[in-house]
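Q: Mind folding the following:
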Amino acid sequence: MQRIAIQGERGSNSHMAAIGMLGDIEVVPCALSAEVFEAVRAGRVDAAVLPIENSLHGSVAEHYDLLFESAIRIDRESQLRIRHNLIVAPGVTLDEVKHVISHPVALSQCRRYLSQMTGVSVMPFYDTAGSVKHIMAEGLRDTAGVAPVLAAEEYGGEVLVPGIEDHAENFTRFHLLRRAEDPRPADLPEPNKLSVAFVVEHRPGTLVRALQGLAEAGVDLTKIESRPVPGKPWEYVFYVDFRFDSAEKADAALEALARESSMVKELGRYSAA
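A: Residues are numbered from 1 along each chain as shown. Okay, here's the model as predicted:
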């Protein structure tokens, strides 16, 4: 059975995404994303599953930084529909709830529903599934957590109100990560998407020419992101995702980037979700 690291507790969306991609696994919860990368790098786990972008909240900037710094590659991606549920100890009624706790992002995505709960305080917590774990461990009957349904199953909670998110079109992209030197599993789908980081020189037109090179190589740019270069104020690493229909086009795109860049790092080739 594969050991898969996630950031956060069992029952989280990352846990759900890991099951969706890999089936029967042993989940290894980590408190911090940096600990997830270290567990993969050190070989304490077989792989990791981490979110990279939410359709409402945007990119997870820290994970771009960690990908850039680490000898870790992207092997696969998936999309998970995010459902936020109000979860309580069994038998607790809505009238008994005086406090709601969850991760700040989850709370912000349920603002409309939570604002209608009169006389209820809303407080940030370190993790969605962790909020349910805390409620059940402490026997709290005046507190509800906002978390995936899997959290209720993991810790013995009860879904009091399902689907309290403001927007139904709420999706998160997850990456399956392995050590760069590990062999690519034979059962993975044929790659048609590539993620890459690059740095261009501070000269007029360098970024434009780099992106033009992608177009001329015949690949489809699907995302571009920039992050500061640590220790170099006002300099940036650019991250792009593009789709390709042949390995030759993907290689040509990387060569085009290299001609205009001082650094190019391929982060992974994988099948688009």
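Q: buried residues in stretch 54-72?
A: Neighbour counts using 16 or more other C-beta atoms under 10 Å place 54, 59-60, 63-68, 70, 72 of stretch 54-72 among the buried residues. C-betas here are computed from N, CA, C, even on glycine.
Q: Return the subset of the residues you listed lying in strands.
A: Using DSSP state E, the subset of the buried residues of stretch 54-72 located in strands is 54, 59, 72.
Q: What distance do you get for the last one to residue 200?
A: So that's residue 72. Residue 72 is 23 Å from residue 200, where distance means C-beta to C-beta, to the nearest Å.
Q: ok, residues contacting stretch 263-273?
A: 67-68, 73-79, 173, 175-176, 188-199, 239, 243, 250, 254, 257-258 (C-beta atoms under 8 Å, 6 or more residues apart in numbering).
Q: And the buried ones among those, selectable in ChimeraX?
A: The ChimeraX command for the buried members of the contacts of stretch 263-273 (criterion: 16+ other C-beta under 10 Å) is given here:
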select :67,68,73,74,75,76,77,78,173,175,176,191,192,193,194,195,196,197,198,199,239,250,254,257
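Q: and the residue lying closest to residue 200 once chain neighbours are set aside, how many residues sit next to it?
A: Of all residues beyond its chain neighbours, the one nearest residue 200 is residue 206 (4.0 Å), with distances taken as C-beta to C-beta, 6 or more residues apart in numbering. For residue 206, the neighbour count with other C-beta atoms under 10 Å is 15.
Q: OK, contacts around residue 206?
A: Each residue near residue 206 by C-beta under 8 Å, 6+ apart is listed here: 200, 260-261.
Q: Please flag which of those residues sit within strands.
A: Using DSSP E, those in strands are 200, 261.
Q: could you dump the contacts of residue 206 to CSV with distance to residue 99?
A: Listed next are the contacts of residue 206 as CSV, based on distance: C-beta to C-beta, whole Å:
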residue, distance to residue 99
200, 49
260, 54
261, 50
